[in-house]
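In: test case, fold it:
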Amino acid sequence: MNKTTLLLIAFLGFQVIYAQQNIPIDTAHWDIQARAHVLEKFREQDAIYLQGGSMTLRDQTFLNGTIEYDVFLKEDPAFPGLYFRLREGNAEHFYLRPHQSGNPDANQAIPLTYGIAPWQLYHGSKYAYPYRYTFDDWTHVKIVVNGNRAQVFLDHASSPMLSWDLFHEAVPGQVVLTGGNASGLHIANIRIDSQQQELVDFKPGEKKPLANLIPQWRVSDKFEEKLLDNPQGIPGLIAARNWEGTIQVEEGTAANISRVVNLFDDTPGNTVMALVTVRSDGEQLKYFEFGYSDRVVVILNGEPVYRGNNTFRSRDYRYLGTIGLFDGVYLKLKPGNNELMLAVSENFGGWLVTGRFADPDGLSIR
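Out: Presented below is the predicted three-dimensional model:
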């Protein structure tokens, strides 16, 4: 074996060892953006106390591999977690809900789509699992990523608690850890190993689709929600719209408006028109079931016929605002083409629209 070969083996060995080392928690390795933070020894670990903010790994991107860390949880409402493959406002996201310890929604796997995390669409056992957390010791989080799939293991479990298909194209992006809200929490022992990509017994959950949904919607550009307050101005508001693209139903449940419209860009507004054309064989009254997030005005042939609010906690303090076919309106359709629009406004949790006709006979939709 020649000297060059020996040097190459030594170099590769160093790379493997380095990949498995903890990443130091300091400002040289992490860009820390938080209300407050303290680098300190906590429960025998070198840790960061992170309050109301995040820490982004500097000068390194992540595509596939294993990300591990320890977090010391509190029972306070908070959502400590991990963004990976963060790029231009899009990312994969997994976080804990320690205040929901033991409940079916004790955690969440979700995409970040142009800054919006649509948990009001991606909810239920396909993207969360019950887990009882400990609040007097470290909780170990391990996430394994391979291509378009991921798994999470908690507290050194040998079997995954959750397996799920990822939401975005597999491209390298940043790694971001988030801490507690106002009360803060500690994070320690952060490790990234790009070579450990093996998934274990990958069995993603399933979600029963809603039947006979309108499969796609055309979506307009953004405008200010307050412009809907004047019913007489709605035809002009519609005429002024540009149409940004088409969104498809996801999860057999709803279409995600943030796929084509960026809520957080420099253009003012938090509302779009979602449009379908309904062709009717004759004049008829049809019941239309629909869902939206967060608020809606239903407009038929230029006239508003319904207004609703599905915002988080809008109906009681436990109300989540998750999307489904929970609203309905009778629509008086004319013969020929009818323009059906839902003006959908968003705060957070998912910019979503869905709908179907309970009796589609005599209708065609495009």
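In: show me where the stretch 251-366 of the chain has its strands.
Out: 254-256, 271-280, 284-293, 295-300, 303-309, 327-333, 336-345, 352-357, 363-365 (DSSP state E, counting those that start in this stretch).
In: likewise for the stretch 51-200 of the chain?
Out: Using DSSP E, counting those that start in this stretch, strands in the stretch 51-200 of the chain cover 65-72, 81-87, 90-96, 107-112, 139-146, 149-154, 162-165, 174-178, 185-193.
In: pull the residues that contact the third one.
Out: In other words, strand 90-96. With contact meaning CB atoms under 8 Å, 6 or more residues apart in numbering, strand 90-96 is reached by 71, 73, 79-85, 106-114, 117, 133, 139, 141, 143, 145, 150, 152, 166-168, 173-174, 176, 178. Just so you know, the C-beta spots here come from the backbone N, C-alpha and C atoms, and that holds for glycine as well.
In: go again using 7 Å as the cut-off
Out: 73, 79-85, 107-114, 117, 143, 150, 152, 166-168, 173 (CB atoms under 7 Å, 6 or more residues apart in numbering).
In: quick check on those: which are buried?
Out: Buried subset of those (neighbour count, 16 or more other CB atoms under 10 Å): 73, 79-85, 107-114, 117, 143, 150, 152, 166-167, 173.
In: save the strands of the stretch 251-366 of the chain as CSV, and put in mean neighbour count, mean pLDDT and distance to His93 too.
Out: Output for the strands of the stretch 251-366 of the chain, formatted as CSV (neighbours: other CB atoms under 10 Å; pLDDT from 0 to 100; distance: least, CB to CB, whole Å):
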stretch, mean neighbour count, mean pLDDT, distance to His93
strand 254-256, 28, 97, 14
strand 271-280, 21, 98, 23
strand 284-293, 20, 98, 18
strand 295-300, 22, 98, 24
strand 303-309, 14, 97, 26
strand 327-333, 16, 98, 28
strand 336-345, 20, 98, 22
strand 352-357, 24, 98, 17
strand 363-365, 14, 96, 33
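In: quick check: which of those strands is nearest to Asp201?
Out: strand 254-256 (29.3 Å; CB to CB).
In: the closest one pairs with which strands, parallel or anti?
Out: Its sheet considered, strand 254-256 pairs with strand 243-250 (antiparallel), strand 352-357 (antiparallel) by DSSP bridges.
In: buried residues in the longest one?
Out: Neighbour counts using 16+ other CB under 10 Å place Glu244, Ile247, Val249, Glu250 of strand 243-250 among the buried residues.
In: how does the protein divide up, domain by domain?
Out: Using automatic domain parsing, the domains assigned to the chain come out as 22-193, 216-365.
In: still on that earlier bit, using a markdown table, please lay out the strands of the stretch 251-366 of the chain together with distance to Lys208.
Out: Listed next are the strands of the stretch 251-366 of the chain as a markdown table, based on distance: least, CB to CB, whole Å:
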| stretch | distance to Lys208 |
| --- | --- |
| strand 254-256 | 14 |
| strand 271-280 | 23 |
| strand 284-293 | 15 |
| strand 295-300 | 24 |
| strand 303-309 | 24 |
| strand 327-333 | 20 |
| strand 336-345 | 24 |
| strand 352-357 | 14 |
| strand 363-365 | 22 |
